[in-house]
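>>> Here you go, sequence then predicted model.
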Amino acid sequence: MADKTVYTVEEIKVKLATSQPWIERGIIRLFERQTTDEQEAEVTTHKNAMGFSAFDAEILSSFAKQLVNRPGYHLTPKQAALAAKKLPKYAKQLWTISQDQVSKAA
């Protein structure tokens, strides 16, 4: 996501299931879409189709806070494997974020 390449939703799904840098950036980007109260409580309470689902909010918010608050930190192999199973369903949301960034850069 750091480069200027435009990916399809399917390509993003593959990256989220297989690439630790994509997993970690995806978690952070989705966490940024949570409301402030959701971020603090590590839950999803607003039905706004942004950020994590209620089922994933606690664990993925916890991972996001570790990544954001500990510079240089990377998910453990066990954390990354769990996230890799959960993140592909958020590919469309991450694709939308990337499209917004491309539009802003143009």
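Done, it's in.
>>> Residue ranges in this structure under the pLDDT threshold?
Residues of the chain that meet the criterion pLDDT under 70 lie in 1-4, 106.
>>> Going by residue numbers, what spans are helices in it?
With helices called from DSSP state H, the chain shows them at 9-18, 20-33, 36-41, 57-69, 77-86, 91-105.
>>> Spit out the contact partners of residue 7.
Going by C-beta atoms under 8 Å, 6 or more residues apart in numbering, residue 7 touches 15, 95, 98. Yep, even glycine has a C-beta here, placed from its N, CA and C like the rest.
>>> what do you get for residue 73?
66-67.
>>> And it, its phi and psi?
The phi and psi values for residue 73, taken as degrees, to the nearest 10, are phi -70, psi 140.
>>> same deal with residue 52?
Torsion angles, degrees, to the nearest 10, at residue 52: phi -80, psi 150.
>>> which residue packs closest to it, ignoring adjacent ones?
Closest residue in space to residue 52, ignoring its immediate chain neighbours: residue 60 at 5.0 Å, by C-beta to C-beta, 6 or more residues apart in numbering.
>>> and the gap between that neighbour and residue 81?
With distances taken as C-beta to C-beta, to the nearest Å, residue 60 is found 13 Å from residue 81.
>>> The two: who's more crowded?
Using other C-beta atoms under 10 Å as the criterion, residue 60 and residue 81 rank with residue 60 on top: 26 against 12.
>>> Identify each buried residue in stretch 49-68, please.
Going by neighbour count (16 or more other C-beta atoms under 10 Å), the buried part of stretch 49-68 is 50-52, 56-57, 59-61, 63-67.
>>> will you turn these into JSON lines that also has distance to residue 36?
Listed next are the buried residues of stretch 49-68 as JSON lines, based on distance: C-beta to C-beta, whole Å:
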{"residue": "50", "distance to residue 36": "12"}
{"residue": "51", "distance to residue 36": "11"}
{"residue": "52", "distance to residue 36": "14"}
{"residue": "56", "distance to residue 36": "18"}
{"residue": "57", "distance to residue 36": "14"}
{"residue": "59", "distance to residue 36": "19"}
{"residue": "60", "distance to residue 36": "16"}
{"residue": "61", "distance to residue 36": "12"}
{"residue": "63", "distance to residue 36": "18"}
{"residue": "64", "distance to residue 36": "13"}
{"residue": "65", "distance to residue 36": "13"}
{"residue": "66", "distance to residue 36": "18"}
{"residue": "67", "distance to residue 36": "18"}
